[in-house]
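Student: let me see the structure of the following:
(chains A and B)
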Amino acid sequence: MCADTTDPTTPAAPEGTDYRDTLFLPETDFPMRAGLPKREPDWLARWEKLAVYTRLRESAGERPVFVLHDGPPYANGHLHIGHALNKILKDFVVRSAQMRGYDSRYVPGWDCHGLPIEWKIEEQYRKKGKSKDAVPVNELRAECRRFADEWIDVQRAEFKRLGVIGNWEDPYLTMAFDAEAVIAEEFHKFVMNGTVYQGSKPVMWSPMEKTALAEAEIEYHDRQIDTIWVKFPVRMAASNIATGGAPGSDLLDAAVVIWTTTPWTIPSNRGIAFGAEIAYGLYEVTEAPEGNWVTAGEKLVMADALAADILGRARLEPGSYKRVRQVGAEELAGLTCAHPLAAADGFWGYDVPVMAADFVTDDTGSGFVHCAPSHGEDDYELFRQKGLLDRITHNIGPAGEFLEHVPFFAGNFILDRKGREGTANKVVVEKLREIGALAATRRQTISDAHSWRSKAPVIRLNRPQWFVAIDKPLDDGMGAHGQTIRERALKSINELVAWYPKTGQNRLRSMIENRPDWVLSRQRAWGVPLACFCRTTPEGRVELLQDAAVNARIVEAFRTEGADAWFAEGARERFLAGVPDAGQWEMVTDILDVWFDSGSTHAFVLRDRADGPADAIADVYLEGTDQHRGWFHSSLLQGCGTRGRAPYKAVVTHGFTLDEKGQKMSKSLGTGVAPQDVIKQYGADILRLWVAQCDYTADMRIGPEILKGTADSYRRLRNTLRFLLGALAGFDEAERVEPAEMPELERWVLHRLAELDERVRKGYEGHDFQGVMQSLFTFATGDLSAFYFDIRKDALYCDAPDSLRRRACRTVLDLLFHRLVRWLAPVLVFTMEEVWLSRFDAAGEGEDSVHLHDFPETPAAWRDAALAARWERIRAARRVVNGALEGPRREKTIGASLEAAPTLYVADPETAAALQGIDMAELCITSGLSIAEHDVPAEAFRLEDERLGVVFHRAEGEKCARCWRVLPDVGRHARPGLCGRCDSVIGAGGR
RNA sequence: GGGUGUGUAGCUCAGGUGGUUAGAGCGUACGCCUGAUAAGCGUAAGGUCGGAGGUUCGAGUCCUCCCACACCCA
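Tutor: Numbers count the residues shown, from 1 in each chain, chains lettered A, B, ... in the order given. Predicted structure coming up:
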């Protein structure tokens, strides 16, 4: 139909006729402002009603299974931002795996046993004036259970509010009866394979309360103490390396000087440590006052840096001693000393070896550290490494008293009844002085550990503990990856597990390479007991009962009654029934370290539950970097001991959340960010977007300014989607156009989509959420909003509905919609559901959800590298035009770009070729644009590329009242004030 | 004190094996539009690449030391 033939009786339109109604403007009810805090709960309710997680499981069919195994948070308080970060990252993994085509299962869990809860309950008792010891164990345990239960409900609601999908109806709990049964059963595996043994290890011990303390129960206060320098006579020197003296060495009549802040540990001394990097010298005293502790002729070995200080404190004048010679590390390592108290009693007649250790310094003291492996962790560790743990002493009792067998000191206490300094230090110092072993003393103030409860000082005391030997070869038929737990763990780390980021591998490896045996026992109440029996053999060895029938009976009881069965009356007789010599066996009443509980989750979750993977190995464990020492570690050791390998195939780690300045969040500075507050102010999607925009492999900052920025980004993205919805209003399948028939601009968008499809899928697969978001965000703002949408508004608003250009555009918008919305759905779970429903189920009455769909297949054939390269040049030329319009605009020559019709000079043949057949006026949103393949005139506007220039011209003609383009033919058509295109669109009954 | 890691524009991040005036998005400023409108478009200003040495013709990129921050351990 020709527009010019329309009814000539059409009344002349008055000036400024409004053709607005003839346009196809965007139509959508999708609100520009999100109102997330208010609306998110509605979508949560909808998903609950639809049972999205269950539906996905039921419709999984033959999809491959993917399992992210949840590391259980501890059930004792509201969620903090770190929990939110962790669960949101997991949600990205779970949801993107589902949408990539997996049957992606996620069972959340909770860690329920352990000290913090037990402590809370004790605190409640104390407030009521009750003593914990007066309460039956199972009563205390029941209270702990109730406490955990309450917090699990709170945390579950808080996690769900974040939009995290999973089996929230049926999570796993380490305190569930079946979990407690499996934990005990797993422990029995270690009992039966012979790796569990009793040893002892120094722990923080409060003599006042006669109990071991955890790090959390310790506080540090300043305290005045008497430090002492003590002489240890050299007993033997390795003569072949002795230098500078006669055979037999000049050190044989010297003494090594040690320094200690705890004189009461001297009777428990079993060694001396020195630093291989420290300079030592042999000093000889030439002159000393009458009755001095250090006398003329004495030879002492000490660090050069400290010698003057020590000898001064020993009341020697600067000129009254001399440095005889240097003493090297090799020589020191060959020394053996006598215990200074050996001179007083044969009890101390043993050898005291001198050993190199890396914890010795020469800042203070003497450069020699006296080692009491029962009373110091460094000391213990050194003795463990040297294989000397059989030399551990047992001289101190639980109240901090010297035991009966200790000569001279028996009965003296380290602390008195009020927690103040007792007599132990005094008598030891006095004895050392009496026998001439003391070199000097100094009173000083140090910061030292005190009990949080009694405020009294704390000591280190070795207590019997149960260990798992990690270097013992196992004859368990699971040797495919090594014979010992350590071998299997290292093999797993090196070959069986993928690490995101890579650095996690080294971190865990160096920990496993260096770690000592695994201490399992805690002297506490709220946990799974080491459900086993032990006895001491006539030779003094402690052995464990290895009886499968007894174990089975215990596990069965735990399964039906919980681990409380162990602490119930008559438990011993019940479980030992039928065992010969039952009377010899004692119950072990310690409980398992909670890391053993959580290290066993793979057994009672991945292996035992119907929703676990077939091989009972998780695809991913994802936690903070602190879990290299924690859950990754304990799960690895546990798995290697019970099934021969790590229970995971990949480990993803994230950093910590810091305040806006990159420092730890602080309550007192008010820099803390609570997830509940973010949700209240902005909504969970903003928090999720923040997570997706961070580099989670490092530490992440969060605060008001950062959240505001995130909300800004969100708004930009939201509006782009809103435009998409509006432009797609009433889209009909009949409009669809094949790519081959589309204009180049549309095919360029399809090319970008094909590129992004690969980027997004690979990004999600590699857990690179930041990369995915950055690509999508730049695409949405740079390629769509500022380029494609801006250009196509004319066609969308003004073209006839059946125009190929408009149909092609709407086809592409539909393809864009499905990809953008679904690609973003794992991150912006709420908003993408809103967008989805706004298009497909505005009333929200149906059963569809974007979360029930996969990422759409994107044809590889959409890729067109040649076309993409050409459009790079086209866009570069467009940028020059944009720049050129800025001048006239500032000078008020023009306002809108449609008032311009510039000339583009192209002196670059490749760009000229690229522009062939391209309507640059359309792309630049000008009313006209002529291209001159010509040298760029001097007056032309140009950017960096000298071969492209633009000379400005105003567009000739009138402004079309409908499409606003300024064209020469406006006014020459049937309807007044219109250009040919618009006139014909209306004539065709467009609207 | 030890181990591990991080440090590029106001913010969030890019910057294979060292190579021309260090990039993107957001924010900011200014201008335009008023048919995505508590929106949209354009232009611009922002960086001693934590600091100091060194290797090299040339270093954000390699080496050494230092500083700050974090996690784990002591």
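Student: show me the domain layout of chain A.
Tutor: In the domain annotation for chain A, the residue ranges read A:211-462, A:698-866, A:867-956 (automatic domain parsing).
Student: what ranges do the helices span in the stretch 201-350 of chain A?
Tutor: Residue ranges of the helices in the stretch 201-350 of chain A, as given by DSSP state H, counting those that start in this stretch, are A:304-313, A:329-333.
Student: so can I have JSON lines of those helices showing mean neighbour count, mean pLDDT and distance to RNA strand B?
Tutor: Where you see a C-beta, it was placed from the backbone N, CA and C, and this is true even at glycine. Below are these laid out as JSON lines (neighbours: other Cβ atoms under 10 Å; pLDDT from 0 to 100; distance: least, Cβ to the nearest atom of the strand, whole Å):
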{"stretch": "helix A:304-313", "mean neighbour count": "18", "mean pLDDT": "80", "distance to RNA strand B": "15"}
{"stretch": "helix A:329-333", "mean neighbour count": "18", "mean pLDDT": "77", "distance to RNA strand B": "17"}
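Student: to A:Asp222, which of those lies closest?
Tutor: helix A:304-313 (21.5 Å; Cβ to Cβ).
Student: quick check: which helices or strands does the closest one pack against?
Tutor: Packing partners of helix A:304-313 (3 or more Cβ pairs under 8 Å, 6 or more residues apart in numbering; DSSP states H and E): strand A:280-285, strand A:321-327, strand A:438-451.
Student: which pLDDT does the model give A:Arg736?
Tutor: Each residue has a pLDDT score; the one for A:Arg736 is 97.
Student: most packed of the helices and strands packed on helix A:304-313?
Tutor: Of those, the one with the most neighbours on average (mean count of other Cβ atoms under 10 Å) is strand A:280-285, at a mean of 21.
Student: that one pairs with which strands, and in what direction?
Tutor: Its sheet considered, strand A:280-285 pairs with strand A:299-303 (antiparallel), strand A:321-327 (antiparallel) by DSSP bridges.
Student: could I get the longest one in CSV with only the CA atoms?
Tutor: When you say that, I think you mean strand A:321-327. Taking Å, rounded to 0.1, in the frame of the first residue of the first chain, the C-alpha atoms of strand A:321-327 are listed here in CSV:
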residue,chain,number,x,y,z
TYR,A,321,85.2,-12.4,83.3
LYS,A,322,86.4,-13.1,79.8
ARG,A,323,85.1,-14.7,76.6
VAL,A,324,87.3,-17.7,76.0
ARG,A,325,86.0,-18.6,72.6
GLN,A,326,83.0,-19.1,70.3
VAL,A,327,80.9,-22.2,70.7
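Student: just give me how far it sits from the chain centre.
Tutor: On the basis of Cα atoms, centre = their mean, to the nearest Å, the separation between the geometric centre of strand A:321-327 and that of its chain is 54 Å.
Student: ok, now the shortest one?
Tutor: A distance of 49 Å separates the C-alpha centroid of strand A:299-303 from that of its chain, computed with Cα atoms, centre = their mean.
Student: apart from its chain neighbours, what residue comes closest to whichever residue of the stretch 851-991 of chain A sits closest to RNA strand B?
Tutor: Distance from RNA strand B to each residue of the stretch 851-991 of chain A (Cβ to the nearest atom of the strand) is smallest for A:Gly895, at 1.9 Å. In this structure, A:Gly895 finds its nearest non-sequential neighbour in A:Arg889, 6.8 Å apart by Cβ to Cβ, 6 or more residues apart in numbering.
Student: Provide the secondary structure category for that neighbour.
Tutor: helix (DSSP: H, G, I helix; E, B strand; the rest coil).
Student: re the thing from before, looking at the helices and strands packed on helix A:304-313, which is nearest to RNA strand B?
Tutor: With Cβ to the nearest atom of the strand as the measure, strand A:438-451 is the member of the helices and strands packed on helix A:304-313 nearest RNA strand B (10.9 Å).
Student: in terms of secondary structure, what does that closest one contact?
Tutor: Judged by 3+ Cβ pairs under 8 Å, 6+ apart, strand A:438-451 is in contact with strand A:218-237, helix A:304-313, helix A:424-434.
Student: can you add distance to A:Ala357 and give these back as JSON lines?
Tutor: JSON lines is the format used below for the helices and strands packed on strand A:438-451 (distance: least, Cβ to Cβ, whole Å):
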{"stretch": "strand A:218-237", "distance to A:Ala357": "16"}
{"stretch": "helix A:304-313", "distance to A:Ala357": "17"}
{"stretch": "helix A:424-434", "distance to A:Ala357": "23"}
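Student: now tabulate the domains of chain A in CSV and tack on distance to A:Val519.
Tutor: Formatted as CSV, the domains of chain A follow (distance: least, Cβ to Cβ, whole Å):
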stretch, distance to A:Val519
domain A:211-462, 11
domain A:698-866, 30
domain A:867-956, 61
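Student: low-confidence regions, the stretch 451-600 of chain A specifically.
Tutor: Low-confidence segments of the stretch 451-600 of chain A (pLDDT under 70): A:452-453.
Student: do that again at 80, thanks
Tutor: Scanning the stretch 451-600 of chain A with the threshold set as pLDDT under 80 gives A:451-455, A:540.
Student: would you map the helices across it?
Tutor: A:485-491, A:503-514, A:548-561, A:564-567, A:571-576, A:594-599.
Student: ok, and the closest non-adjacent residue to A:Thr432?
Tutor: Thr isn't right for residue A:432; it's Leu. Excluding its sequence neighbours, the residue lying closest to A:Leu432 (Cβ to Cβ, 6+ apart) is A:Leu438, at 4.5 Å.
Student: now do the same contact list for the one you found.
Tutor: Neighbouring residues of A:Leu438 by Cβ atoms under 8 Å, 6 or more residues apart in numbering: A:228-231, A:293, A:429, A:432.
Student: so, in contact with RNA strand B or not, the least confident helix or strand in chain A by mean pLDDT?
Tutor: Across the helices and strands of chain A, the lowest-confidence element by mean pLDDT, DSSP states H and E is strand A:211-212, at a mean of 72. No. Taking Cβ under 7 Å from any atom of the strand as the criterion, strand A:211-212 and RNA strand B are apart, separated by no less than 14.5 Å.
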